[in-house]
Structure formats: structure tokens, C-alpha cells
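Visitor: structure for this input, please:
(one chain, ligands or ions: 1)
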Amino acid sequence: MTTSDTSLLSQPAPERLAVSEGLFARARQVTPGGVNSPVRAFGSVGGHPHFIASADGAYLTNADGARLLDYIGSWGPMILGHNHPAVREAITGALQGGTSFGAPNEREVLLAEKVVELTRELGVERVRFVNSGTEATMSALRLARGVTGRSHIVKFRGNYHGHADGLLVEAGSGLLTTAHHLGEAAPSSAGVPQEYAALTLVSEYNDPAALDALMQERGHEIAAVIFEPVVGNSGVLIPTPDFLAALHRVREHGTLLIADEVMTGFRLSLQGASGLLGIQPDLLTWGKIIGGGLPVGAYGGRAELMEHVSPSGPVYQAGTLSGNPLAMAAGLATLSELQARPELYTQLDRYAAALADGLKSAAQEAGVPVSVNQIGSMLTAFHQDAPHGSVQTYQQAARSDASAFAAWFRSMLRQGVYWAPSQFESIFVSAAHGDTELNLTLDAARRAYAELG
Ligand SMILES: Cc1ncc(COP(=O)(O)O)c(C=O)c1O
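Guide: Numbering: from 1, shown residues only. As a prediction, this is how the structure comes out:
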């Protein structure tokens, strides 16, 4: 066992977080909860968020000057590592020519051509750029409704597709076992009208029988089934072959299948989770990596479907800043780099598999129950006593001991390792994570598990 070089991390002792705490106090005076996206507030793990001053490779530097080994990667986009030279140069180059035109520019064509080139085998012939993953899924669903003339959609409990009204819906727990009666699903946010939520039916991920039953009963009303092809938003859940077969069967009802690849797209392979797992969706949505760290989302599919989008067709969708040259440049540089170095996916997978193995044995040595799910560069270590790889559903994930996770998370952070601040999130490995980072992480994890055990 190698002992890592902890000098790479400066230990962020609590008293050294004065700057972050001061910024958080000021932020709360002017922004709800002090953050612009809720999970950043550390609500489920306790403590104050670190404000980040800069980032490079696998590391963040917080406003207090401490260096943190990053496993969030801006929640997915930074697959090449932070501040990657090719991406930085592409953005700087684009910047010289102005930041937004409100008229077409060549970089939009180049990025769309790249996306179509990479995903043509999935049937993608047209792609439309928007500014976030939320916009991508919202627009893809409008398109599906426009094409089919149907109002209802199906999503899966514990899958997150952004914060559009109709997607902030989950089944109440009492309805879980009767997924085919889930028309009464309740909104999971204030401000979403019940009438609107009623158009979203909720089924259970990795439960093919529930999906078949729901489609049998209501398939004729359902415009689309939207799903995470590998779930990141309940922690990592990997679809079973039977569930994937049931997803493909929804087409027998004239329903469109939408793979939400916002998290997995260009991460699990150049063709995303769909390419890796042999999924053939009708529409795909992207975000995160497609913008290389700048705000980009996209949706795409066969020309015959996508040509229903305005101005070609009657389904309206627009955006003042959509396709802006800086964002297109960052996305193009990122996808080009990934395409030029396909071995990166093997490297990412090898790192994450070694991390998974190391976490499993560290937890076992300390007597801490942990069940690890890992696929490619995505990984969740659920704090529960289930065999590794066996957590497949939202209900199983929810059995995890979130307070044990929170204690483990805080210990990791004290040691300079910045894990995702929730038991129900994936971590993201980047191309900048190497042997040094692996050793640092596993040394920290051993100590953190020992403190819990
Ligand atoms: C699978 C999935 N879809 C959609 C979204 C929403 O993307 P955004 O936060 O860019 O709106 C996310 C965000 O994490 C996501 O993970």
C-alpha cells in the first residue's frame, strides 16, 4: 500500500474557512439560501460550502487558499479536468471575435456536425442547441407531445431531468408498488400545479413489469417515456437488460423514447450510455460535457422528428443566447479532444474501477457497510449492507444511511477530498485524475471509514 503525498493538498482546517464563511453569509443576504443551485449549499451533509476561487486539472482552490481534490467536476462537464488548455484556448480564441451575435455563426454548425458524426449510429440526424439540460429535456418533451398529439409523459422515480414543471414530479411512496396507477403522482416542488403534475406518470426504474403494465393501461395517452440511461441522480443505478427491453417496447404504443444523456452523454462513451448499453432512443438530450464547462444543452434525433421544431415545423422553441460562440467553442474543443483520445475512456474506467475496489476494501477493513455501484467514470458508494452492484432501484438506494455518509463526507473534506455532498449523487472522475490522486483518495477514505467503524 502506498502512502500518498498529502502535501499536494493543503488541509482546510476549520478556522481557515473564514473567507468562505464570510462569502456565504453575504450571499445569503442577496440570494435564496446563498447559492444558485440547491445542492451546493451542503444541506444534506452539514457545514458551510467552500467558495471556489479557481480550478486546474483535478484540483480546486477555495477562497481560503486550500487545495481540494475534486470529484464533482462541476457536476459532470469537466471530463478533461479543469482549465484544460485546449478548451481554454478555444474559448479565448472565440472571445476575440465577440461574445454573442443573435444570428447564426459557424461554430454552431461545427458543433452540430460533430454531435451528429458521433451519434449518427443512435439515429441522430439533427440537433438543436439550448442553454442547459433543463431546457433540453423540456424542449424534447414538447417536441414529443407536438409529434404525437398526446399530453401525458412517463418518468421514473428518482430520475432527475432538470427543473421544468412537468418533471418535478415523483410518486408518493404509497403508490410505489402499484406503478400503473400513478396518475395521481404529486408534484415534488411547491409551485407546480397538480393539474400539470397529473400529466406526468411515474414508474419505477429497473421494474420492467411496472412499465409494461403502465403502458398496457395508458400507452395510447403517452407521448414519451423519458429516462436516465444510467441514473446519476439517485446515486448511480445501472439499468438491467430486462428493463432496457421494456423501455424499447414502449414504441409498440406509438410512444417516443427519450434518453436523457445530460449526465452520461460523452461521459460513458463517445456515444454516451446509449452507445455503451445498446439503447436506441428516438430522441436524446445532452448538457454538461457538450458545453465543456460553459452553459450548453441540446436535443436531437431523426430528421423526421426534429424537423417538427420551429422554424421547420410547428413546435416552438427559441433562445436569445443559444449557440453562442464561446459556448460552442468550449463544447467543440471538448468533444474533439475526446474523439482524438478514445483511450481516455479506458483510462477513466480503470481509475474508477480501482477507486471502487479501494473503497470496498477500505470500508470492509473498517467494518463499515458500503455497497459500491460503478460504471465508467461514475461511482456511488451507498452506505448500506447490500452486495456490491446490487442496488438497482430508488427504493434500494433510499435505504442508505445518509448520516453515516455525511460523517464520511465531512472527514474526506477535512482531508482535502471534495466528494459530491449527497449520498444520492454520482461522483465524476476526470482525465486529470491519476495514480497520485487515487492514492490520496484511498488514504483519506481509509481514515474516514476508520473514524466511522
Ligand atoms: C440527467 C439530467 N438531466 C437534466 C439535468 C438538468 O441539467 P441542468 O442542470 O443543466 O439544467 C441534469 C442535471 O444534473 C441531469 O443530471
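
Visitor: C-alpha from now on. contacts and neighbour counts both.
Guide: Fine.

Visitor: for the spatially closest residue to residue 309 that is not a sequence neighbour, give me its contacts.
Guide: Nearest residue to residue 309 in three dimensions, chain neighbours excluded: residue 315, at 4.7 Å (CA to CA, 6 or more residues apart in numbering). Contacts here follow CA atoms under 8 Å, 6 or more residues apart in numbering; on that basis residue 315 touches 142, 143, 146, 308, 309.

Visitor: residue 147 and residue 309 touch, don't they?
Guide: No - using CA atoms under 8 Å, residue 147 is not in contact with residue 309; the gap is 9.5 Å.

Visitor: the ligand contacts on the stretch 251-400 of the chain?
Guide: 260, 262, 263, 287 (CA under 6 Å from any ligand atom).

Visitor: remind me which residues of the stretch 201-350 of the chain are low pLDDT?
Guide: The stretch 201-350 of the chain contains no residues with pLDDT under 70.

Visitor: what ranges do the strands span in it?
Guide: Under the criterion DSSP state E, counting those that start in this stretch, the stretch 201-350 of the chain contains strands at 222-227, 256-260, 283-286, 297-301.

Visitor: in the protein, which residue is closest to the centre?
Guide: Centroid-nearest residue in the chain, with CA atoms, centre = their mean: residue 263, separated by 3.2 Å.

Visitor: ok now stretch 410-424, how far from the chain's centre?
Guide: 18 Å (CA atoms, centre = their mean, to the nearest Å).

Visitor: so what are the domain limits for this protein?
Guide: Listed domain ranges for the chain are 12-43, 85-340, 342-453 (source: automatic domain parsing).

Visitor: buried residues in the first one?
Guide: Burial within domain 12-43, assessed by neighbour count using 16 or more other CA atoms under 10 Å, is assigned to 12, 17, 19, 20, 21, 24, 33, 34, 40, 41, 42.

Visitor: can you check stretch 400-411 too?
Guide: Across stretch 400-411, burial judged by 16+ other CA under 10 Å covers 400, 401, 402, 404, 405, 406, 407, 408, 409, 410, 411.

Visitor: run through who's touching it.
Guide: 44-46, 382-384, 419, 421-423, 448-449, 452.

Visitor: among these, name the buried ones.
Guide: 44, 45, 382, 383, 384, 419, 421, 422, 423, 448, 449.

Visitor: secondary structure element holding the last one?
Guide: Per DSSP states H and E: residue 449 is located in helix 435-452.

Visitor: same for that helix, what does it pack against?
Guide: Judged by 3 or more CA pairs under 8 Å, 6 or more residues apart in numbering; DSSP states H and E, helix 435-452 is in contact with helix 343-366, helix 402-414.

Visitor: highest mean neighbour count out of those helices?
Guide: helix 402-414 (a mean of 20; mean count of other CA atoms under 10 Å).

Visitor: how many degrees apart are it and helix 435-452 in direction?
Guide: Our comparison of helix 402-414 with helix 435-452, counting by axes from the mean of the first three to the mean of the last three CA atoms, to 10 degrees, yields an angle of 130 degrees.

Visitor: using CSV, write down the CA coordinates of helix 402-414.
Guide: Output of helix 402-414 as CSV, limited to C-alpha atoms (Å, rounded to 0.1, in the frame of the first residue of the first chain):
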residue,chain,number,x,y,z
ALA,A,402,-27.3,9.2,4.8
SER,A,403,-26.0,10.4,8.2
ALA,A,404,-23.1,7.9,8.0
PHE,A,405,-22.4,9.2,4.6
ALA,A,406,-22.5,12.8,5.8
ALA,A,407,-19.9,12.0,8.5
TRP,A,408,-17.7,10.2,6.0
PHE,A,409,-18.1,13.1,3.5
ARG,A,410,-17.0,15.6,6.2
SER,A,411,-14.0,13.6,7.1
MET,A,412,-13.0,13.4,3.4
LEU,A,413,-13.4,17.1,3.0
ARG,A,414,-11.3,17.8,6.2
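
Visitor: helix or strand right after that helix?
Guide: By DSSP H and E, the next helix or strand past helix 402-414 is strand 417-418.

Visitor: quick one: contacts of that next one?
Guide: Outside strand 417-418, the residues that touch it by CA under 8 Å, 6+ apart are 68, 69, 70, 71, 72, 412, 441, 444.

Visitor: quickly find the element holding residue 137.
Guide: Judged by DSSP H and E, residue 137 forms part of helix 133-148.

Visitor: could you dump the helices and strands packed on helix 435-452 into JSON lines and include distance to residue 220?
Guide: Output for the helices and strands packed on helix 435-452, formatted as JSON lines (distance: least, CA to CA, whole Å):
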{"stretch": "helix 343-366", "distance to residue 220": "40"}
{"stretch": "helix 402-414", "distance to residue 220": "40"}
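
Visitor: how about the contacts made by the spatially closest residue to residue 446 that is not a sequence neighbour?
Guide: In this structure, residue 446 finds its nearest non-sequential neighbour in residue 362, 5.2 Å apart by CA to CA, 6+ apart. The contact partners of residue 362, by CA under 8 Å, 6+ apart, come to 442, 445, 446, 449.
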